[in-house]
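Visitor: Here is my input, please return the structure:
(chains A, B, C and D)
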There are 2 protein chains.
Amino acid sequence: MSHATRLVHASRAGIRYGARMTTATAPPVGRRERLRTEAVQQIKAAGMDQLRTEGAAGLSLRAVARAVGMSSPGLYRYFASRDDLLTALITDVYDDLADTLERAREAAGPHLPDRLRAVCLAYYDWSDTHRPEFSLVFGAPVPTYSAPRDGSTTTAAQRFGAVFTGLLAEAWTQHAEHVARPPLLPLRPGVRLAVGDVPLPDDPRFVGVATRLWSRLHGVLALGLFGHLLPQTVEAAAVRTLYEAEVEDALHSLGLG
Amino acid sequence: MSHATRLVHASRAGIRYGARMTTATAPPVGRRERLRTEAVQQIKAAGMDQLRTEGAAGLSLRAVARAVGMSSPGLYRYFASRDDLLTALITDVYDDLADTLERAREAAGPHLPDRLRAVCLAYYDWSDTHRPEFSLVFGAPVPTYSAPRDGSTTTAAQRFGAVFTGLLAEAWTQHAEHVARPPLLPLRPGVRLAVGDVPLPDDPRFVGVATRLWSRLHGVLALGLFGHLLPQTVEAAAVRTLYEAEVEDALHSLGLG
DNA sequence: TTCGAGTGCGAGCGGTGCTAACACTGCGGT
DNA sequence: ACCGCAGTGTTAGCACCGCTCGCACTCGAA
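Guide: Just a heads-up that it's a prediction; the model follows:
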């Protein structure tokens, strides 16, 4: 049992230090700590490589161990299980996606429709060029894997969602009266949506608008990227055409057309 | 090699006889042939059971063999590989779904909007009550599995799609001029869409309308059933609310509102 | 300096898909 | 009636998987 405790602790440390690749967190102080974070990064990189080439269910701890020149039991000093490694990778993927969307938003200038459009299209392009990653986070849940209760993936996912809901909230305060035929999705009692500390509109129509946008974008992406969309009948570029139509439709129904 | 040939032949026979569970095809004549079809049915039933409880990637040939009281190599007399069994199951799932939709269409009476609405809602209810099956056919492609070239799954999938496109074609001939803001999705050169022998409208707007309906329905289903839709924030029933809104939106934009 | 935490290893358990080699059954052709 | 062989099933086994156990070593803090 003390063994198991050490494993869990080791794994948590690995995930913690490796969560954000883009911004350097507090620098590791000791030599051992530095070596550990380097090993974690190397393992995650090898795992991500394998995930890209073999798919989510093809991720093999033993193969990752071989790739980093380590015996397979050695890997368990860094990740307590295959699911733990998967969780770390999913978190990184969410963060990468959120980074991409935030960059697109900032690069789009101050005009709100431009910003929302840019974010939507960046979402498409990221998904199109990161299909294994897209499958990993948005596809059918990996069997025998369930997201951890601590919510490390959930927080990363919310960062992604906040890019959309934040822009939608801006549009809502400006043009709420223009929204036509929104589905009414009341929040569960006690739930409050927010982007950071800024609360989102507490209106069933707003939740409906946000969810509908998200589901429409996702529908095109999922069908198109998974090859279910009228296979062989339309050009591949048609998927993006359909996606752009959904984006413009969304802007239009938000009074931003 | 003669061994391999026999395997392939055996597998094909198994798939052929087992493809349509609902309607009895040509009755097996010989005793051996009857025993074989029975074994195939039993294997597929056990496989479907396991798929429902363990998920698509958890389908294990050895476990199926144990369930039907057979050694695992014995199964290879009926299905040449795990992928072969998966293909047979996918085909059956498509057929079951198509049967369900066709029944809903016929039960809805002659009024076109009622028929289309009934089919859409039946699609939701089937997916909601058949989540593993939904994941199997519409989720991310199972890694290391690719649909066979012979298209046994494709034909079954087209039967499913034809329920939607057939009704859409009816609506199109009646109200094509009412369709607002459809995306233009030209077919690839030489491709002709048809339901059975009846050709579908050869109009980029029709393809756009059909694809957009399909992608919108799928978006809600995929996000809702896979748990990605604002988890913990809205009631579970809200997924159906959103879906119904998409259905009514589709009917409206088809001039059937 | 010491001693324990951190790190790594080989061996091994039970599971997987799949193959090889063999045995039996029963149907068809002579 | 009998033979031959396709069809069906078996056991043994390969290479892989996730994961655990028990041991060895090395570093760093007390």
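Visitor: my guess is A:Thr173 meets A:Pro201, correct?
Guide: Yes - taking contact to mean CB atoms under 8 Å, the distance of 7.4 Å between A:Thr173 and A:Pro201 places them in contact. Heads up, the C-betas are built off the backbone N, CA and C, glycines and all.
Visitor: quick one: which of the two has more around it?
Guide: Each of A:Thr173 and A:Pro201 had its neighbours counted (other CB atoms under 10 Å in any protein chain shown), and the higher figure belongs to A:Pro201 (17 against 10).
Visitor: and the residue nearest to the more buried one when sequence neighbours are not counted, how many neighbours?
Guide: Taking CB to CB, 6 or more residues apart in numbering or on different chains as the measure, A:Pro201 lies nearest to A:Trp172, with 5.2 Å between them; neighbours along the chain are not counted. Residues contacting A:Trp172 under the criterion other CB under 10 Å number 20.
Visitor: For the host helix or strand of A:Trp172, buried residues please.
Guide: Following DSSP states H and E, the helix or strand that holds A:Trp172 is helix A:152-175. If you call a residue buried by 16 or more other CB atoms under 10 Å in any protein chain shown, then helix A:152-175 has these buried ones: A:152-154, A:156-169, A:171-172.
Visitor: Kindly report the same for stretch A:177-184.
Guide: Along stretch A:177-184, the positions that meet the burial threshold by neighbour count (16+ other CB under 10 Å) are A:179, A:182-183.
Visitor: Next: stretch A:212-220.
Guide: A:212-220.
Visitor: so of these, which ones are in strands?
Guide: When DSSP state E defines the strands, the subset of the buried residues of stretch A:212-220 inside them is empty.
Visitor: Show me which of these is closest to DNA strand C.
Guide: Relative to DNA strand C, the closest of these is A:His218; by CB to the nearest atom of the strand it sits at 30.9 Å.
Visitor: Let me see the confidence value for the closest residue to that closest one other than its chain neighbours.
Guide: On the basis of CB to CB, 6+ apart, the spatially nearest residue to A:His218 that is not a chain neighbour turns out to be B:Gly219, at 4.7 Å. At B:Gly219, the pLDDT value in this model is 97.
Visitor: which ones are touching B:Gly219?
Guide: Contacts here follow CB atoms under 8 Å, 6 or more residues apart in numbering or on different chains; on that basis B:Gly219 touches A:215-220, A:222.
Visitor: Just the ones of these in helices?
Guide: Assignment to helices by DSSP state H places the following of these there: A:215-220, A:222.
Visitor: Redo these as JSON lines? Include distance to DNA strand D.
Guide: Formatted as JSON lines, the ones in helices among the contacts of B:Gly219 follow (distance: CB to the nearest atom of the strand, whole Å):
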{"residue": "A:Ser215", "distance to DNA strand D": "33"}
{"residue": "A:Arg216", "distance to DNA strand D": "36"}
{"residue": "A:Leu217", "distance to DNA strand D": "33"}
{"residue": "A:His218", "distance to DNA strand D": "29"}
{"residue": "A:Gly219", "distance to DNA strand D": "32"}
{"residue": "A:Val220", "distance to DNA strand D": "33"}
{"residue": "A:Ala222", "distance to DNA strand D": "26"}
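Visitor: Grab the two from those residues that are most spread out in space.
Guide: With distance counted by CB to CB, no two of those lie farther apart than A:Arg216 and A:Ala222, which are 11.0 Å apart.
Visitor: Tally up the residues packed near A:Val198, please.
Guide: Using other CB under 10 Å, A:Val198 is surrounded by 9 other residues.
Visitor: and it, how far is that from A:Thr173?
Guide: To A:Thr173, A:Val198 is 11 Å away according to CB to CB, to the nearest Å.
Visitor: cool, A:Asp49 as well?
Guide: The separation that A:Asp49 has from A:Thr173, given CB to CB, amounts to 44 Å.
Visitor: returning to that earlier point: what mean pLDDT does the helix holding A:Trp172 get?
Guide: Helix A:152-175 shows a mean pLDDT of 92 in the predicted model.
Visitor: Just the residues contacting the helix or strand that that helix is followed by, thanks.
Guide: Proceeding N to C from helix A:152-175, the next assigned helix or strand is strand A:194-195, under DSSP H and E. Residues outside strand A:194-195 that contact it (CB under 8 Å, 6+ apart) are A:162, A:165-166, A:169, A:200.
Visitor: Could you tell me which ranges of the stretch 151-257 of chain A sit under the pLDDT cut-off?
Guide: In the predicted model of the stretch 151-257 of chain A, residues A:230-231 satisfy pLDDT under 70.
Visitor: Now it against DNA strand C: closest residue?
Guide: Counting by CB to the nearest atom of the strand, the stretch 151-257 of chain A gets nearest DNA strand C through A:Ser152, at 19.3 Å.
Visitor: Confirm for me that that residue is in contact with A:Thr91.
Guide: Yes - with contacts defined as CB under 8 Å, A:Ser152 counts as touching A:Thr91 at a distance of 5.4 Å.
Visitor: so which strand or helix has A:Leu101?
Guide: If you go by DSSP H and E, A:Leu101 is part of helix A:82-107.
Visitor: roughly how far is that helix from the heart of the chain?
Guide: 5 Å (CA atoms, centre = their mean, to the nearest Å).
Visitor: And stretch A:46-62, by the same measure?
Guide: Taking CA atoms, centre = their mean, one finds the center of stretch A:46-62 at 18 Å from the center of the full chain.
Visitor: Could I get the buried residue list for that stretch?
Guide: With burial defined by 16+ other CB under 10 Å, the residues of stretch A:46-62 counted as buried are A:46-48, A:50-51, A:55-57, A:59, A:61.
Visitor: ok, and which of those reach chain B?
Guide: On the criterion CB under 8 Å from any CB of the partner chain, A:55-57 are the entries of those that sit beside chain B.
Visitor: Mind splitting chain A into its structural domains?
Guide: Structurally, chain A divides into domains by automatic domain parsing as follows: A:2-80, A:90-253.
Visitor: Please identify the most buried of those domains.
Guide: Scoring these by mean neighbour count under mean count of other CB atoms under 10 Å in any protein chain shown gives domain A:90-253 as the most buried, with a mean of 18.
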